[in-house]
Structure formats: C-alpha cells, structure tokens
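Chemist: need coordinates for the following:
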Amino acid sequence: MKVAVLSFAHVHAATYLRLLHDRSDVELITADPDAEPGDPTRGKALADELGVTYRSSYEEVLAERPRAVIVTSENTRHRQLVEQAAAAGAHILCEKPLATTEPDARTMIEACSTAGVSLMTAYPVRFHPAFTALRHSLTGGSLGRLLAVHGINNSTPPALERSWFADPTLSGGGAIMDHTVHIADLLDVLLDGEQPTHVYAVANSHLAPGHDDAAGDVETAGLITLTYPSGLVATIDCSWSHPATHPTWGGLTLTCVTEQALLEFDAFPPLLTGYDTESATPRWEPGTIDLDAAMLNTFLTAARTGQHAHPDGESGLRTLKTVRAAYRSLHTGQPATLTDPIREVDGHESRTGR
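Modeler: Residues are numbered from 1 along each chain as shown. Predicted structure coming up:
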C-alpha cells in the first residue's frame with residue numbers, strides 16, 4: 001500500500017518515517033518542501049538519512065495517488081494539506097491538534113466526508129493497554145462514580161527542536177495548544193464524548209529561562225480546570241516544564257478518583273534508569289509498548305479496508321473545543337463555555353466583543 005508523509009515539521013515525523021520504512025506492506029513516499037534550505041533535520045536531508053523516497057512537492061506526492069497520507073506539518077498548515085490529501089482520495093492521519101481553530105477543523109472534517117475518506121487524529125496514548133484496563137475498571141461499576149480526574153502531560157519545550165512551536169502564527173499557541181489535547185482525548189474516551197460545561201485556564205511563559213527561542217510569544221505553562229454536567233471536575237497540567245537535561249522528553253499520567261478507589265495511569269513508566277556517559281546525563285528507558293506503532297497499525301488497517309478510523313476528526317474537534325475555550329478563559333480571566341460565541345479575527349478565533 002502506498003503511504004505518504006506530508007511535511008517533516010513535527011517532532012513526531014521522523015518516528016513515523018522510521019516505523020513506516022520498516023514495514024514490508026508499505027511503499028513510502030514523502031515531501032517536505034517548506035523546510036528551510038540546508039536544514040539537516042528536515043527535507044531531503046532527513047529523507048536521505050532515513051533512506052525514504054522523497055519528492056520535491058506535495059502535489060508531486062499526491063499525483064502518485066497514495067492510499068493513505070500522514071500530515072505532520074506545523075499546526076496551522078494542517079487544514080491545507082488535509083484538504084489536498086482528501087481531494088486526492090487518500091485516507092488521512094493528521095497530527096494533533098487537528099487544527100488551531102474550530103472553523104478549520106470543521107472544514108477538514110467536511111472535506112474528508114465529501115471525498116469519502118477517513119480522517120483520523122493522532123492520539124496514540126488511547127492505544128495504551130494500561131489505559132484500556134483503566135477504562136474497563138471505571139466502566140465495570142464496582143468502583144462507583146468517577147468524581148475527579150487529574151491529568152499531567154509535561155515535556156521539554158518542543159521549540160528547542162522545532163522553533164515554530166514558539167511562533168503562534170504556525171503553532172496556534174503554546175503549551176495549552178500542544179499538551180491539553182492528549183489528556184482531553186483520554187477524558188473524551190472515559191466520558192464517552194461528554195463535553196465540559198465550563199473551562200478555566202491560567203498560564204504563564206516563565207518556564208524557558210535562558211531559552212528565548214523556546215518561549216517566543218506563547219505560553220510555556222498552563223493549568224486547565226474542566227467541570228462536567230455530572231459534577232465531575234478534571235484538571236490538566238499541560239506545561240513545558242522539563243529542562244533540556246531531563247532524562248526523557250516528558251511524560252503523561254492520569255489519576256482518577258472514584259467513590260471507592262484511586263486509580264493511576266502512567267503512559268511512560270520508567271523501566272530502567274541509569275547514566276549516559278556520552279551525554280553526561282541520567283537516562284530513563286520507558287517501560288511501555290510503542291504507542292506510535294500501535295496507532296499507525298490501526299490507521300493503516302482502516303485505510304486498507306476502508307473502515308472508519310478512530311480517533312476520528314470529530315474526536316479531534318471535541319478536544320480542540322476544550323483548547324479554544326481555555327484560550328477564551330485566559331483572555332477574560334473567567335471560566336468559558338464551549339458554546340461561547342466566537343468570531344474570526346485575522347484568521348484566529350476570538351470571543352465575541354474582543
């Protein structure tokens with residue numbers, strides 16, 4: 001099956017390229033024309049390093065009619081590439097967040113529906129077997145009602161690897177845009193798509209001292225509080241709070257409080273700790289399955305068979321609604337609802353009256 005990767009902008013792109021290159025059932029073609037000339041981490045330089053087929057433009061790739069396309073561009077460029085891939089008849093896996101505005105996300109979903117192709121959002125953590133076990137424990141009924149959830153998704157500032165993460169015109173925002181969505185997706189699964197009634201957010205940009213390029217004009221730390229119709233309260237720590245010397249990029253944990261129990265989920269538990277003499281830093285080997293490989297396998301199976309892929313575009317839209325409400329809360333200093341009126345200002349969503 002012919003599979004295309006469009007853009008190497010995202011930090012996950014190289015991982016996907018390696019995984020796809022190693023599959024005997026995939027004919028991989030790629031393009032990254034937006035890369036800066038001479039950038040060794042992107043474009044033809046990266047393709048040559050990984051031994052994958054490279055084309056000079058997205059149009060050239062799509063003219064080869066790939067069955068499946070993976071979009072790993074800068075966040076604000078997702079819509080354009082998803083629309084192009086849908087028009088070419090490809091099933092699509094789009095890196096998270098699905099989009100940076102709700103109108104863009106809805107347009108992407110509609111484009112794929114019109115073209116009769118699947119749109120999947122890249123949320124690999126929901127494929128973790130431990131999360132599946134957590135969900136079964138909560139839905140089994142023996143632990144009582146779910147009362148509260150605390151989620152943490154922290155990392156080093158991704159702009160240390162890709163500077164566009166600190167440019168709001170390309171990223172759409174900082175730590176809130178980047179890291180709220182994974183926890184929001186897990187909540188979406190646990191609550192069967194139930195949406196919060198109110199979203200309250202606080203944030204700052206103090207967590208990149210000495211690394212101005214890692215902060216730019218975006219927030220580097222955020223704490224989001226969600227309230228639901230059932231009375232459940234959830235919090236999301238979405239900060240870029242790990243220093244560059246941290247033994248891993250970051251991590252993701254979930255703590256669930258029920259009437260009868262406390263359940264904890266760690267997506268990347270430490271399996272082995274030690275010391276790396278080459279880098280003179282601690283080393284931490286995570287004890288988990290390859291979540292990206294599990295997600296790609298689900299996507300490729302759906303693309304091959306024509307099945308509907310999950311998490312789909314609607315899942316991506318629901319989590320994006322939480323993110324946009326968080327930014328409206330930051331703007332007003334008050335809790336926001338997902339149904340607050342919004343309008344477009346210079347291509348960006350804004351609360352009415354802003």
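Chemist: going forward, measure contacts between C-alpha atoms and count neighbours the same way
Modeler: Fine.
Chemist: roughly how far apart are the residue nearest to the spatial centre of the chain and residue 63?
Modeler: Residue closest to the mean C-alpha point of the chain, counted by CA atoms, centre = their mean, is residue 96 at 2.9 Å. Between residue 96 and residue 63 the distance is 25 Å, computed by CA to CA, to the nearest Å.
Chemist: also residue 93?
Modeler: For residue 93, the distance to residue 63 - CA to CA - is 18 Å.
Chemist: so those two - more neighbours on which side?
Modeler: Under the criterion of other CA atoms under 10 Å, the comparison of residue 93 against residue 63 puts residue 93 first, with 30 against 10.
Chemist: am I right that that one is in a helix?
Modeler: No. Assignment of residue 93 by DSSP: H, G, I helix; E, B strand; the rest coil gives strand, placing it outside any helix.
Chemist: which strand residues bridge it?
Modeler: The partner list for residue 93 in beta bridges (DSSP bridges) reads residue 70, residue 120.
Chemist: show me the contacts for it.
Modeler: 68, 69, 70, 71, 119, 120, 121, 122, 299 (CA atoms under 8 Å, 6 or more residues apart in numbering).
Chemist: one more pass at 6 Å, please.
Modeler: 70, 119, 120, 121 (CA atoms under 6 Å, 6 or more residues apart in numbering).
Chemist: before we move on, what about residue 224?
Modeler: 200, 201, 235, 236.
Chemist: farthest-separated two in the residues you listed?
Modeler: Within those, two members stand farthest from each other by CA to CA: 200 and 236, at 10.4 Å.
Chemist: ok, residue 329 - contacts?
Modeler: Contact criterion CA under 6 Å, 6+ apart gives 200, 201, 335, 336 as the residues in contact with residue 329.
Chemist: show the pLDDT at it.
Modeler: If you check residue 329, the pLDDT there is 97.
Chemist: and for the one 4 residues further on?
Modeler: Looking at residue 333, its pLDDT reads 96.
Chemist: tally of neighbours for it?
Modeler: Residue 333 is flanked by 13 other residues according to other CA under 10 Å.
Chemist: give me the contacts around stretch 108-125.
Modeler: With CA under 6 Å, 6+ apart as the test, stretch 108-125 has contacts from 79, 86, 91-96, 291-292, 295, 308-313, 316.
Chemist: which members of those residues occur in helices, if any?
Modeler: Secondary structure assignment (DSSP state H) places 79, 86, 291, 292, 295, 313, 316 from the contacts of stretch 108-125 within helices.
Chemist: which residues of the stretch 101-250 of the chain score low on pLDDT?
Modeler: 208-216 (pLDDT under 70).
Chemist: can you map out the helices along it?
Modeler: Defined through DSSP state H, counting those that start in this stretch, the helices belonging to the stretch 101-250 of the chain, from first to last, are 102-115, 129-139, 168-171, 175-190, 212-215.
Chemist: if we can go back for a sec, most neighbours out of the ones in helices among the contacts of stretch 108-125, which is it?
Modeler: Neighbour count (other CA under 10 Å) singles out residue 316 as the most crowded of these, with 31 neighbours.
Chemist: isn't it up against residue 98?
Modeler: Yes. Shown here, residue 316 and residue 98 form a contact pair, counting by CA atoms under 6 Å, at 5.4 Å.
Chemist: mind giving me the domain ranges of the chain?
Modeler: Residue ranges for the structural domains of the chain, counted by automatic domain parsing, are given in the record as 2-123, 129-288+320-332.
Chemist: export the ones you listed as TSV, with columns for distance to residue 303.
Modeler: Putting the domains of the chain into TSV (distance: least, CA to CA, whole Å) gives the following:
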stretch	distance to residue 303
domain 2-123	6
domain 129-288+320-332	22
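Chemist: mean neighbour count, those domains: which tops it?
Modeler: domain 2-123 (a mean of 20; mean count of other CA atoms under 10 Å).
Chemist: what distance do you get for residue 125 to residue 69?
Modeler: For residue 125, the distance to residue 69 (CA to CA) stands at 20 Å.
Chemist: what about the helices in the stretch 251-354 of the chain?
Modeler: 291-305, 313-332.
Chemist: want to throw those into CSV with distance to residue 134?
Modeler: Formatted as CSV, those follow (distance: least, CA to CA, whole Å):
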stretch, distance to residue 134
helix 291-305, 16
helix 313-332, 20
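Chemist: these: which one's closest to residue 260?
Modeler: Distances from residue 260 to each of the helices of the stretch 251-354 of the chain were compared using CA to CA; the shortest belongs to helix 313-332, at 28.2 Å.
Chemist: the inter-axis angle of that closest one versus helix 102-115?
Modeler: Helix 313-332 and helix 102-115 meet at an angle of 170 degrees, taking axes from the mean of the first three to the mean of the last three CA atoms, to 10 degrees as the criterion.
Chemist: who touches residue 152 in this structure?
Modeler: Contacts were defined as CA under 6 Å, 6+ apart; by that measure residue 152 touches 236, 237, 252, 253.
Chemist: go through those and name the one nearest residue 283.
Modeler: Each of these was scored against residue 283 by CA to CA, and residue 252 proved nearest at 17.5 Å.
Chemist: give the bridge partners for the closest one, please.
Modeler: For residue 252, the beta-bridge assignment (DSSP bridges) gives partners residue 153.
Chemist: still on that earlier bit, please tell me how far the residue nearest to the centre of the chain sits from residue 161.
Modeler: 17 Å.
Chemist: ditto for residue 199
Modeler: With the distance defined as CA to CA, residue 199 ends up 30 Å from residue 161.
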